[in-house]
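1. A structural model of the following input is requested.
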Amino acid sequence: MKYYAFLLCACILAGCSRPTTSLFNGQNLDGWTAYGTEKWYVEDGEIICESGPDAEYGYLATDQYYDDFELTLEFKQEADGNSGVFIRSTIDGTKISGWQVEVAPPGHDTGGIYESYGRGWLIKPDPEKDGYLKMGAWNQLKIRAEGDQVTTWLNGQKMVEFEDEKIGEGKGSIALQIHDGGGIKVRWRDIELRKI
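-> The predicted structure is shown next:
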């Protein structure tokens, strides 16, 4: 009996008592809100974002706010593929406040952290880590946000680890981004979150 009590305590301390939640049901965009005129739709169990006629920034944000969490998802870049995943973000029209984990073509710092309408790039991955990105294939992105600390992984490889008081104070949703400029298409699937 003591052994099982020990295992239970160890599990709770390790965070495994927190279930993983799927943020995307694979059928429609329930639980999400689109911002801007860019295209967001579901096809074959995937969320697809494409540039619209205005070729401006667009966002697809969760209706719920998430503070401390571990998020995993898969993305596949087609065409230009410039996008990103925002954390603790709020959106007014197409102006976003929050922090973006970059998703971009090779050579453009996928896994780095960027602050829109603020300080700009906060941290970029080492250039040699760019080889972890598989352009035109499925990639797994993992983001852990806990208090002031944000860590990102791409295909199981740690990209950046960053501590910032301003991020720690942030409140908001998780949002997928499509960059301005036109000609962009990105697919997303298996979006799962575990609260910390």
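2. and the helices in the protein?
-> Applying DSSP state H to the chain gives helices spanning 2-14, 165-169.
3. and the nearest residue to D109 once chain neighbours are set aside, how many neighbours?
-> Excluding the flanking residues, the one nearest D109 by CB to CB, 6 or more residues apart in numbering is K124, at 4.5 Å. From N, CA and C alone the C-beta is placed, and that goes for glycine too. When neighbours are counted by other CB atoms under 10 Å, K124 registers 17.
4. which of the helices of the chain has the lowest mean pLDDT?
-> Across these, helix 2-14 has the smallest mean pLDDT, namely a mean of 43.
5. for Y114, see how far away the residue nearest to D109 is.
-> According to CB to CB, to the nearest Å, K124 stands 9 Å off from Y114.
6. got it, and N155?
-> For N155 relative to Y114 (CB to CB), the value is 20 Å.
7. what about those two, which has more around it?
-> More neighbours surround Y114 than the other of N155 and Y114, with 20 against 16 (other CB under 10 Å).
8. what's near enough to touch the more buried one?
-> Neighbouring residues of Y114 by CB atoms under 8 Å, 6 or more residues apart in numbering: 84, 99-100, 102, 120-122.
9. rerun that using 10 Å as the cut-off
-> 84, 86, 98-102, 104, 120-124 (CB atoms under 10 Å, 6 or more residues apart in numbering).
10. what pLDDT does the most centrally placed residue in the chain get?
-> Ranked by distance to the mean C-alpha position of the chain (CA atoms, centre = their mean), the top residue is V85 at 3.1 Å. With respect to pLDDT, V85 has a value of 98.
11. swap in G81?
-> Value for G81, per-residue pLDDT: 71.
12. how about it: what's its closest non-neighbour residue?
-> P105 (5.2 Å).
13. wait, doesn't that neighbour sit right on L133?
-> Yes. Assessed by CB atoms under 10 Å, P105 is found in contact with L133 at 8.2 Å.
14. any shared contact partners between the two?
-> 77, 81.
15. who are the contact partners of the residue nearest to G81?
-> Counted by CB under 10 Å, 6+ apart, P105 has contacts 77, 79-83, 130, 133, 135-136, 184.
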